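Novice: Sequence plus the predicted model coming up.
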Amino acid sequence: MRIVTLASVRGAPGVTTTSLLLAAAHDDAVVVEADLDGGVLAVRYGLGREPGLTTLAAAGAAESDTWRAHAQDAGGIPVLVGPDAPGPTASLWRTAGERITQSLSVAEGLAVVDAGRLRSPVPLVTASHVLLMLVRPVAEQLVALSHLLPTARRTIRGEVAVVLVGSGPYRAAEVEDSIAAPVIGELPDDPAAEILRDGGSGSRLARSRLARSVNALADRVSSQLRQPLEVTAS
């Protein structure tokens, strides 16, 4: 699988909602919960704790479609749910992170990883072909992002890019100049997003401003994924 991770520096810029919509915009995509604060999709969609990442980690040898037996349906979108509390989540990724990453890496399709607020990247995030940092265009979040970017660039396998969420005093060109990172998408604050936050289907958002913006982002992400990764010698 190609791996695209969405994360934030602080606040709630809609990482989970955007992850769901981004997966819905791609064929053969699955949302993977990797938020170290714990996942929310099982509660939001009334799903069981299993199957999910815990059962995938315990599975045998990974094959191209192993993950499918461990995915559940969240409003028409396949998801691999994680534990819902920080302790079990950290334990899972510490003990089984490499196995989970291997299982998904050998599969076909796209893994859209919801990493929540990015702190210590888990192995799946480190293996990302693209890391999308969602931030609001306000000074507090942009300063926090500027401090995080050097570490992200050292630890992430692929490209690091920025997605601006909502309104603020800074434009995309100003953000790119100040933090030296490409802005590849701008998403509106859209009340329609409450549909997904309440466990609804992404198809109900198809004509919303947010969905149209995420579809445009999906095209740019697909373009990034078609580019070969540059391997930097250490």
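Specialist: Now that the structure is in, tell me what you want to look at.
Novice: just the strands in the chain please.
Specialist: 2-8, 29-33, 72-74, 77-80, 110-117, 130-135, 159-165, 183-187 (DSSP state E).
Novice: Packing partners of the shortest one?
Specialist: Packing contacts for strand 72-74, counted by 3 or more C-beta pairs under 8 Å, 6 or more residues apart in numbering; DSSP states H and E, involve helix 41-45, strand 77-80. All C-beta atoms are positioned from the backbone trio N, CA, C, and that covers glycine.
Novice: Identify each buried residue in it, please.
Specialist: Judged by neighbour count (16 or more other C-beta atoms under 10 Å), strand 72-74 contains these buried residues: Gln72, Ala74.
Novice: now stretch 79-88
Specialist: Val79, Leu80, Val81, Gly82, Pro83, Asp84.
Novice: Check those against Arg2 and report the nearest one.
Specialist: The closest of those to Arg2 turns out to be Leu80 (C-beta to C-beta; 15.4 Å).
Novice: count of residues packed around the nearest residue in space to that closest one that is not next to it in sequence?
Specialist: Among residues not flanking Leu80 along the chain, Val32 sits closest, at 4.7 Å (C-beta to C-beta, 6 or more residues apart in numbering). Counted with other C-beta atoms under 10 Å, the burial measure for Val32 works out to 31 neighbours.
Novice: Enumerate every residue touching Val32.
Specialist: Leu53, Val79, Leu80, Gly82, Leu104, Ala111, Val112, Val113, Asp114, Leu124 (C-beta atoms under 8 Å, 6 or more residues apart in numbering).
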